[in-house]
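Visitor: only the shape, not the letters, is given here:
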């Protein structure tokens, strides 16, 4: 079953068995890969942040679901499992240099559509992540990010989110936001929008949207 394969992939990522698939920690030292090392006046390639493609594309799913048609359906007290994989590289497809780290900020929203509208959307959380993971062990997310957000625990109109793995100094735990205004009708079609932006270049971003249904 296809959704089972997706969940297995996400689970494997959480346990770290696929962390090596990214390759973000490889590359040459010295001048940034793809540049001319200061010789001449040429302009080097630019940094790019982007989400990985399927089957490692951003996902929001219900681990309790055993049917693909309902894996994006959520009832009160069920968890939204939110996962993604990012790549930070240069525009000429070269990787970051040895010991080169880039921090990025991730914002995750609940929206009525697939476009970020700050005044109307519900921000579930904001977090800083490190790329690659090997140079940011204290962070709650890296090239791979995994979060669990509990929907309407104790039948309250709120979401409580925790980063996985637990107990990272720069992670989040039981981060609660009130969703009363957003949950204006039930059941409700919504989108989880994930936006990742480089800390060093705040306008350099990637964005993805995943449709869900709240009951």
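Guide: Thanks, I have the structure now. This structure is a prediction, so every number in the text was calculated from the model and none was measured.

Visitor: buried residues, stretch 56-66. List them.
Guide: Applying a neighbour-count criterion of 16 or more other Cβ atoms under 10 Å, one finds 56, 58-62, 65 buried in stretch 56-66. Any C-beta I mention is one placed from the backbone N, CA and C, and that applies to glycine too.

Visitor: what distance separates it from the centre of its chain?
Guide: In terms of Cα atoms, centre = their mean, to the nearest Å, the centre of stretch 56-66 is found 13 Å from the chain centre.

Visitor: kindly report the same for stretch 115-134.
Guide: Offset of stretch 115-134 from its chain centre (Cα atoms, centre = their mean): 8 Å.

Visitor: with stretch 122-139 instead?
Guide: The chain centroid and the centroid of stretch 122-139 are separated by 9 Å under Cα atoms, centre = their mean.

Visitor: cool, and stretch 87-94?
Guide: The chain centre lies 18 Å from the centre of stretch 87-94; the measure is Cα atoms, centre = their mean.

Visitor: likewise stretch 127-147?
Guide: In terms of Cα atoms, centre = their mean, the centre of stretch 127-147 is found 10 Å from the chain centre.

Visitor: flag every buried residue along it.
Guide: By neighbour count on 16+ other Cβ under 10 Å, the buried set for stretch 127-147 is 127, 129-133, 135-136, 139-147.

Visitor: re earlier: which of the buried residues of stretch 56-66 sits closest to residue 198?
Guide: residue 58 (17.3 Å; Cβ to Cβ).

Visitor: I'd like to know how far that closest one sits from residue 93.
Guide: Counting by Cβ to Cβ, to the nearest Å, the gap between residue 58 and residue 93 amounts to 21 Å.

Visitor: swap in residue 196?
Guide: According to Cβ to Cβ, residue 196 and residue 93 sit 19 Å apart.

Visitor: with neighbour numbers in mind, choose between the two.
Guide: Applying other Cβ atoms under 10 Å to residue 196 and residue 93 shows that residue 196 carries more neighbours, namely 25 against 10.

Visitor: state whether the more buried one is indeed within a strand.
Guide: Yes - with DSSP: H, G, I helix; E, B strand; the rest coil as the criterion, residue 196 is assigned to a strand.

Visitor: okay, and the beta partners of it?
Guide: On DSSP bridges, the residues paired with residue 196 through beta bridges are residue 106, residue 206.

Visitor: ok, residue 46 - how many residues close by?
Guide: Other residues near residue 46 number 11, with proximity taken as other Cβ under 10 Å.

Visitor: in contact with it, which residues?
Guide: Going by Cβ atoms under 8 Å, 6 or more residues apart in numbering, residue 46 touches 90-91, 204.

Visitor: which of those count as buried?
Guide: Neighbour counting with 16+ other Cβ under 10 Å marks 90, 204 as buried within these.

Visitor: and which of the contacts of residue 46 is nearest residue 157?
Guide: Out of these, the member with the shortest distance to residue 157 (by Cβ to Cβ) is residue 204, at 34.9 Å.
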